[in-house]
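> Provided below for reference: sequence and predicted model.
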Amino acid sequence: MNDLPEEKESPERSSYETIRLERDEIEAHLPYKTVKLEPDAAEEPAPHKTALLEPEGEEPPAEKTVKMDVLPAEPEAPETPASPPPAQKKGGRSAIWWQFPRRVVLLLAAFGLALAFLAVMRLPVFTGAVSGTQTDWSTSWVYRESVADIVREGRSNTLLLIGLALVLALLNAAFTVLVAALVHALEKRSGPLGSIAKGLGRLWAFGWATGPVLSTAILLFYVFVLQLDLLPPGGLRTPGSEGTGDLLLHLILPVVTLAFLPGLITGQVVARYVTIARAPERGRPVLAALFKGLGTLLGQMGGLLGAALAVEIVFNLPGLGRLFIQSIFARDLPVTFGVLRSYAVLILIFRIAAELFHWLERFVGIAPAVPQPAPTRWRKFARVAWVVLAVLCLVFPVVFAGAGLLTGADAAVDADLSALNAPPSAEHLLGTDHLGRDVLARTLRGAATTLGVAALAALVALIPAALGGALTGYLSTRGKLWAESLADVLLLPADVLLFFPVAGGVALLSALAQPANVLWLLAAVFIVPRATRLYHALWGVAPDRRKALALALGGPTIVFLGALFIAAWAIPTVEHLGLGAQPPASSLGSVLQDIFRVFDVNPGILAAIVVLWASGLAFYVATEALVGFFNGKDALARLNM
């Protein structure tokens, strides 16, 4: 003990520095570590070690004092390093303060570039074939009325539709979060029963929400209008009626159709946030969850407008979507570009509101990582089983596409004039359409065409999305203001195309490009920015363990499956409008177009809806299952931007 004063300086600094570094790592959300200075925590520390921690005649600095009794883990409850999904990026306070102003400036810059893109599209090289003399872009070439007045009427109807859909989606998300929290508690208590309930609940919710909006709208129309005759067939009002009740009655099916997917995604994102353990003494998790939900929901405005386009066509609603398609076919380009400008303005407003809520979430949602119980053997098995089920779901679109390739092209074209609109029979298993063509053969050939175009578009989008998402994702996780700002600047080209709905943008370019065999390329153009944002979001919630493997292998796989999901939603809508594969070739979109002619005659035509529904469900389930290995599900919202 007499030689302690001579050895005091160096060991003292080393011990305090070690303790301080361990404490800083814990507070910085790094993996949980147990600090042990003795080989046996149950024994009294040796006198010389006590002297090192508390040197004679000198009190250690208050900020460097660590109570060792809270650090050792309990042997009867093994714990794993905490890895909760960050409610915000791990940037400094300056990065948080500047997040919203920086994002607003960049959104305004992207909006300006989007308007410049529309100006380029009006050049004679694109419009000269339509008219080489018309230069007045403020007046409709068809109606000879002000474009602003025409667009204003459609915009008000679309805003009414989307406003009601947002309210219903928010209620749906709240219900999803409540059920998820109850099932999570049940899973922690009962194990197998809770896991089974979670799996069945997911399949039920995904089944309703992930089918392409076109197939969902037509299915609801068939059941509730044609079969049950419970709701009006379309339009905003019954002729001669001015009551609010009649208006709401006409909007029930369109609103329900639009609310499914955004409500599901928002509920999943918030449910994952509220079921992750976090320290209660810091942050306001309830308020942060509310802000996260509102930001996630409003950020899906682009996807809502794209879905509204299909819904307005099916239910004959006089909104922006129907006006947009009518102007394309009438070659009324002033109205076409007027609708696109209106789309861009609406998306800008809602994205700024979404950024505001995400900014507030970062302030109130700061909570340090805490140790979480290691997953039980059953929970590990349940997670693997869910992934296996997701992979098995992918068999359905593969089988449909493969069967379509094996079906002869002539079988889908040959018409039996003696069996028009025939019901299912031994010769025609699903019956025939209004021209006497075999419905099963047309559906299978259509599946091969549509799913083939979707797969090709996803493959083309994968490389630029993976490269752009990896670079910007890495920069955004550096936690520095300059790095986050640079990532936002690099994302600017992608953000420009996010101001246009996928289906609307592809429809416009398809109408201008004319050749149907480039639909895959046009779809890839608008899928790339969504897929880039998807991969970028995965970097912020990558797991601490095997992070490089998750991002290098799981990330691109998620991007490809997510791109398939986006394509499966958008491409059938474009084909339904007659802008995809042209006769005599068939596609799922063209088969669905025929449904309106024979819907009340041959139910076998619904096979096309089943194929689309199963494909959308498979792509979403597979994407969601892989995202489940990450620490948050915010990335799912990028599928519906």
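Noted; the coordinates are in hand.
> Below-threshold pLDDT in the stretch 51-200 of the chain: ranges please.
Within the stretch 51-200 of the chain, the stretches with pLDDT under 70 are 51-95, 124-135.
> Tally up the residues packed near the closest residue to residue 358 other than its chain neighbours, please.
Excluding the flanking residues, the one nearest residue 358 by C-beta to C-beta, 6 or more residues apart in numbering is residue 295, at 4.2 Å. Using the backbone N, CA and C atoms, a C-beta is placed for each residue, glycine as well. Residue 295: 23 surrounding residues under other C-beta atoms under 10 Å.
> Tell me which other helices or strands the strand or helix carrying residue 295 touches.
Per DSSP states H and E: residue 295 is located in helix 285-298. Counting contacts by 3 or more C-beta pairs under 8 Å, 6 or more residues apart in numbering; DSSP states H and E, helix 285-298 is packed against helix 147-190, helix 244-274, helix 333-364.
> Make CSV from these and add mean neighbour count to it.
Shown next, in CSV, are the helices and strands packed on helix 285-298 (neighbours: other C-beta atoms under 10 Å):
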stretch, mean neighbour count
helix 147-190, 18
helix 244-274, 22
helix 333-364, 21
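> Including distance to residue 475, could those go into TSV?
Formatted as TSV, those follow (distance: least, C-beta to C-beta, whole Å):
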stretch	distance to residue 475
helix 147-190	31
helix 244-274	23
helix 333-364	17
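> picking up where we left off before, from residue 352, how far off is the residue nearest to residue 358?
The spacing between residue 295 and residue 352, counted by C-beta to C-beta, to the nearest Å, is 11 Å.
> what's the answer for residue 261, then?
Distance of residue 261 to residue 352, given as C-beta to C-beta: 22 Å.
> how many other residues sit next to residue 138?
Per other C-beta under 10 Å, the neighbour tally for residue 138 reads 9.
> close enough to count as contact, residue 262 and residue 298?
No. Using C-beta atoms under 8 Å, residue 262 makes no contact with residue 298, being 9.4 Å away.
> Give me the common contacts of the two.
Listed as contacting both residue 262 and residue 298 by C-beta atoms under 8 Å, 6 or more residues apart in numbering are residue 166.
> count of neighbours near the closest residue in space to residue 510 that isn't next to it in sequence?
Of all residues not flanking residue 510 in the chain, residue 579 sits nearest, at 4.1 Å (C-beta to C-beta, 6+ apart). Applying other C-beta under 10 Å, we find 25 residues neighbouring residue 579.
> one step back: the inter-axis angle of the helix holding residue 295 versus helix 244-274?
When axes from the mean of the first three to the mean of the last three C-alpha atoms, to 10 degrees is applied, the directions of helix 285-298 and helix 244-274 differ by 130 degrees.
> Helix 285-298: what's the following helix or strand?
Per DSSP H and E, helix 285-298 leads on to helix 301-314 as the next helix or strand towards the C-terminus.
> that older thread, please identify the buried residues of the helix holding residue 295?
The neighbour-count check on helix 285-298 (16 or more other C-beta atoms under 10 Å) flags 285, 288-298 as buried.
> could you dump the residues you listed to TSV with pLDDT and distance to residue 470?
Formatted as TSV, these follow (pLDDT from 0 to 100; distance: C-beta to C-beta, whole Å):
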residue	pLDDT	distance to residue 470
285	74	31
288	84	28
289	86	29
290	90	32
291	92	28
292	91	25
293	93	28
294	94	29
295	94	24
296	94	23
297	95	27
298	95	27
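> that older thread, list the contacts of the residue nearest to residue 358.
Residue 295 neighbours (C-beta under 8 Å, 6+ apart): 354-358, 361.
> sec struct for residue 232, please.
Recorded secondary structure, residue 232: coil (DSSP: H, G, I helix; E, B strand; the rest coil).
> Without its sequence neighbours, what residue ends up closest to residue 420?
residue 436 (5.0 Å).
> pLDDT on stretch 308-324, on average?
What stretch 308-324 shows for mean pLDDT is 94.
> now the end-to-end length of it.
Start-to-end span of stretch 308-324 (C-alpha to C-alpha, to the nearest Å) is 11 Å.
> Quick one: distance of it to the chain centre.
22 Å (C-alpha atoms, centre = their mean, to the nearest Å).
> now stretch 531-547
14 Å.
> Wait, residue 305 touches residue 346, no?
Yes. Counting by C-beta under 8 Å, residue 305 does reach residue 346; the two are 6.8 Å apart.
> could you show me where the strands are in the protein, in order?
Along the chain, the segments classed as strands by DSSP state E run 79-80, 372-373.
> burial of the residue lying closest to residue 428 once chain neighbours are set aside, as a residue count?
Of all residues not flanking residue 428 in the chain, residue 438 sits nearest, at 5.2 Å (C-beta to C-beta, 6+ apart). Other residues lying near residue 438 total 26 when counted by other C-beta under 10 Å.
> Next one, pLDDT for residue 438 please.
Residue 438 is assigned a predicted lDDT (pLDDT) of 88.
> show me what contacts it?
411-412, 414, 416, 428, 430, 432.
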